[in-house]
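# Can you look at this prediction? I've put the sequence above it.
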Amino acid sequence: MLTDYHNHLENGTLTMDYLQKFTDAAAAKGIGSFGISEHAYHFYQTADILQNPWVNERRFYDMKDYVALFQEAWNKGMDVKMSIEMDYTPGKHAEMEKFIQSYAFDYVIGSIHWVGDFGIDLAEYRKEWDRRDVNEVYKKYFDQVVTLAESNLFDIVGHLDLVKIFKYVPKDEEFLLEQYERATDALANSKTCVEISSAGLRKPVGELYPDKRLLQKCFDKNIPIVLSSDAHFPEHVGADFDQSLALAKEVGYNTIMTFSNGERKEYPLG
């Protein structure tokens with residue numbers, strides 16, 4: 001069994017024709033469980049959760065249109081999961097929970113893209129990395145991983161160490177491993193799975209998310225995994241899954257989680 005649960009339609013349209021380009025790509029790659037997880041910040045219904053100038057310029061969808069697209073797909077017999085990728089926002093647990101419970105998502109991804117007002121993975125903010133203390137950013141980032149896990153609102157945590165995207169990494173390995181340790185302790189006590197994301201191979205860091213040492217801690221603490229590509233274009237669906245599978249098996253994984261209607265089921269990997 002292969003999954004690809006982290007995919008975006010935002011560079012195209014919320015139409016059956018565009019959606020089918022993704023599902024066709026997934027079928028061609030032998031992906032047995034496939035889902036779309038559009039960024040929650042694109043939807044008017046999340047305005048009470050996350051507000052900043054960058055996000056506010058990109059809020060242009062209505063959830064009724066998103067849900068209608070999936071309903072149309074299911075009516076046509078298309079096997080595609082409906083999900084959302086939500087920016088985990090400290091202090092907004094009640095609002096996030098209300099939004100999540102308002103829709104029949106097959107699963108929900110929680111991701112961290114913002115450390116305060118700092119968009120850690122955005123090209124527009126890249127120079128900020130040179131103005132900030134890398135250790136402090138990592139500490140605050142993994143603080144959010146911990147509280148994301150403790151919230152138990154999410155089925156999957158997206159690109160667990162996205163913070164490394166531009167190759168800014170603490171020089172103190174002991175400090176870095178401490179962040180990995182506390183993040184995985186929190187995840188192990190939650191319902192949250194970790195995705196192995198091939199998207200990092202297409203980013204400046206040039207490697208999978210998460211780091212092998214971090215994934216090893218996940219395995220050692222019995223944290224389940226899914227596979228994802230974070231495709232923003234159909235051609236990236238299932239990209240480089242050979243590397244994702246190799247990493248998963250190298251650290252010891254031999255099973256994968258699938259999701260449907262909010263329920264998860266374990267299958268042999270690959």
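Arrived safely, thanks for sending.
# Ile36 in helix, strand or coil?
When classified by DSSP: H, G, I helix; E, B strand; the rest coil, Ile36 comes out as strand.
# pLDDT score assigned to the closest residue to it other than its chain neighbours?
Among residues not flanking Ile36 along the chain, Asn7 sits closest, at 5.2 Å (Cβ to Cβ, 6 or more residues apart in numbering). Where C-beta positions appear, they are placed from N, C-alpha and C, glycine not excepted. Per-residue confidence at Asn7 stands at 98 (pLDDT).
# Would you confirm that Asn7 contacts Ala231?
Yes: Asn7 lies in contact with Ala231 (Cβ atoms under 8 Å); the separation is 4.6 Å.
# Let's check: the centremost residue of this structure is which one?
Nearest residue to the geometric centre of the chain (Cα atoms, centre = their mean): Gly158, 2.3 Å.
# Quick check on that residue: phi, psi?
Note on Gly158: its backbone torsions stand at phi -80, psi 150 [degrees, to the nearest 10].
# For it, give me its contacts.
Neighbour list for Gly158: His6, Glu85, Ile109, Gly110, Ser111, Glu195, Ser197, Ser228, Asp230 [criterion: Cβ atoms under 8 Å, 6 or more residues apart in numbering].
# Among those, which ones are in strands?
Within the contacts of Gly158, residues falling in strands by DSSP state E are Glu85, Ile109, Gly110, Ser111, Glu195, Ser197, Ser228.
# so the third one bridges to which residues?
Looking back up the chat, that one is Gly110. Beta-bridge partners for Gly110, by DSSP bridges, are Met86, Val157.
# I'd like the distance between it and Leu153.
Distance check for Gly110 against Leu153: by Cβ to Cβ, to the nearest Å, it reads 7 Å.
# Those two: which has the busier surroundings?
Higher neighbour count among Gly110 and Leu153: Gly110, with 25 against 20, using other Cβ atoms under 10 Å.
# Touching, the more buried one and Ile156? I think so.
Yes: with contact defined as Cβ under 8 Å, Gly110 reaches Ile156; the gap is 7.3 Å.
# in the stretch 51-200 of the chain, which spans are helices?
Counting by DSSP state H, counting those that start in this stretch, the stretch 51-200 of the chain has these helices, from start to end: 53-56, 63-75, 93-101, 128-131, 134-151, 173-188.
# what's the second one packed up against?
Translated: helix 63-75. Under the contact definition 3 or more Cβ pairs under 8 Å, 6 or more residues apart in numbering; DSSP states H and E, helix 63-75 sits against helix 16-28, strand 81-87.
# With adjacent residues omitted, what lies nearest to the residue nearest to the centre of the chain?
Ser111 (3.5 Å).
# how about stretch 109-127: buried residues?
Across stretch 109-127, burial judged by 16 or more other Cβ atoms under 10 Å covers Ile109, Gly110, Ser111, Ile112, His113, Trp114, Val115, Phe118, Gly119, Ile120, Asp121, Tyr125.
# what do you get for stretch 73-91?
For stretch 73-91, burial by neighbour count (16+ other Cβ under 10 Å) applies to Ala73, Val80, Lys81, Met82, Ser83, Ile84, Glu85, Met86, Asp87, Tyr88, Thr89.
# How about stretch 248-262?
Within stretch 248-262, the residues scored as buried using 16+ other Cβ under 10 Å are Ala248, Val251, Tyr253, Ile256, Met257, Thr258, Phe259.
# Stretch 70-89: end-to-end distance?
End-to-end distance of stretch 70-89: 26 Å, with Cα to Cα, to the nearest Å as the criterion.
# meant to ask about stretch 191-200
Terminal residues of stretch 191-200 are spaced 24 Å apart (Cα to Cα).
# Also stretch 195-207?
Start-to-end span of stretch 195-207 (Cα to Cα) is 14 Å.
# who touches it?
Residues outside stretch 195-207 that contact it (Cβ under 8 Å, 6+ apart): 5-6, 109, 156-160, 164-167, 208-210, 215, 225-230, 236, 239-241, 243-244, 247-248.
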